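**Student:** need coordinates for the following:
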Amino acid sequence: MNYKLSPSDLTFLYDGCKKCFYFKVKHSIAQPSIPLPSIFTKIAGLLKEYYDGKRTEELHPGLPPGIVKYGERHIGSKIFSFENHRDTCYIKGRFDVVLEFDDGTYGVIDYKTGNPEGGASKLYGRQLHSYAYALENPAPGSLNLAPVSMMGLLYFHPTSVSQKNLKSLSFDSDIHLINVERNNKEYLRFIEDALGLLESPQPPESAIDCQWCEYLKRKQKLL
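**Tutor:** Numbering: from 1, shown residues only. From the prediction side, this is the model:
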C-alpha cells in the first residue's frame, strides 16, 4: 500500500485519536467534519489578498528580507520508503503562505487569528514540517521550492476597535511571529511510526476522550 497523508491529519487526528487516524487513512472512514466558521475563512482570505506580493518587512520585522510569494497552493511529496517497512506513504496537502527570501531560500508560514498559545509551535510544527518536506522533495509535477530555511506561525490578535462611520468598523490587531524549529530527523522518525501504525492488521485502541469512537460503540450495542 502507498498511503496518502494529510498534514492536518498528521497534526490533529493522529494525536487526537490514532484509531480514527488509522480508519481514515487506511479505509477512508472519517469522523464527521466540522466546518470552520466562515468568518475565519473570510479573515484568512483577506489577509492573503492584502499581503500577496508585499515585502516581508511589511508583514513582520522578525522575518528575513524577501517577498510574500505564494498563497494556498496544493503540494505533494515524493514517496517515503523505509527499511523494514513493506508499505510506503506520501504527503498531499495545501499550504497557507510561502515567502521567497532575498538569499534564495524559502519560508513556510501559517496565518492564525487569535491569541498565540504557548504550545503553538509544537502543535503546528508537524504540519509545517510536512509542507517544507513536500516542497523540498516534490512528486513529479508538484511545486518545487528549496531550500526551506524558515517555518513559522503569524498570529493576528485583535486588540481594539475603531469606527469611521455608521457603516464601517475596523479591528486593530497585534501581530505575533512564532518561529518553528526545523528537525528533519524527528519528523522522519514520526512518519515512520505513523506508517508502522498503518501497516498493522489491527487498529490501535481508541483515545479515551474520543467522542466519535464512543458514539460508534454505543451505536453498535444498539444494533
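
**Student:** low-confidence ranges, this protein, go.
**Tutor:** 35-36, 118, 222-223 (pLDDT under 70).

**Student:** spatially central residue for it, please.
**Tutor:** The centre of the chain sits closest to residue 127, judged by Cα atoms, centre = their mean, with a distance of 3.6 Å.

**Student:** helix or strand for it, which one?
**Tutor:** Assigned by DSSP states H and E, residue 127 belongs to helix 120-136.

**Student:** can you give me the buried ones in that helix?
**Tutor:** By neighbour count on 16 or more other Cβ atoms under 10 Å, the buried set for helix 120-136 is 120-121, 124-136. For every residue, glycine as well, the C-beta is placed using N, CA and C.

**Student:** for it, C-alpha coordinates in CSV please.
**Tutor:** Coordinates of each C-alpha in helix 120-136 appear next as CSV, following Å, rounded to 0.1, in the frame of the first residue of the first chain:
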residue,chain,number,x,y,z
ALA,A,120,1.6,26.6,19.3
SER,A,121,4.9,25.7,17.7
LYS,A,122,4.7,22.1,18.9
LEU,A,123,1.0,21.8,17.9
TYR,A,124,1.5,23.1,14.3
GLY,A,125,5.2,22.1,13.9
ARG,A,126,4.3,18.7,12.3
GLN,A,127,2.1,20.4,9.8
LEU,A,128,4.7,22.9,8.8
HIS,A,129,7.3,20.2,8.5
SER,A,130,5.0,18.3,6.1
TYR,A,131,4.8,21.4,3.9
ALA,A,132,8.5,22.0,4.0
TYR,A,133,9.4,18.4,3.2
ALA,A,134,6.9,18.2,0.3
LEU,A,135,8.3,21.5,-1.2
GLU,A,136,11.9,20.2,-1.0
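
**Student:** tell me which strands the strand ranked longest in the chain pairs with, and in which orientation.
**Tutor:** In the chain, taking DSSP state E as the definition, the longest strand is strand 148-165. Strand 148-165 pairs in its sheet with strand 106-113 (parallel), strand 168-180 (antiparallel), by DSSP bridges.

**Student:** tell me the most buried of those strands?
**Tutor:** Highest mean neighbour count of the strands paired with strand 148-165: strand 106-113, a mean of 22 (counted as mean count of other Cβ atoms under 10 Å).

**Student:** okay, angle between that one and helix 120-136 too, please.
**Tutor:** 140 degrees (axes from the mean of the first three to the mean of the last three Cα atoms, to 10 degrees).

**Student:** please enumerate the helices of this protein.
**Tutor:** Applying DSSP state H to the chain gives helices spanning 7-8, 14-16, 18-27, 38-51, 56-59, 120-136, 184-199, 211-222.

**Student:** need the contact partners of the first one.
**Tutor:** By that I understand helix 7-8. By Cβ atoms under 8 Å, 6 or more residues apart in numbering, the list of residues contacting helix 7-8 from outside reads 91, 93, 126-127, 130-131.

**Student:** let's go with 6 Å and repeat that
**Tutor:** If you take Cβ atoms under 6 Å, 6 or more residues apart in numbering as the criterion, helix 7-8 is touched by 93, 127, 130.

**Student:** one step back: most packed of the helices of the chain?
**Tutor:** Highest mean neighbour count among those (mean count of other Cβ under 10 Å): helix 120-136, with a mean of 22.
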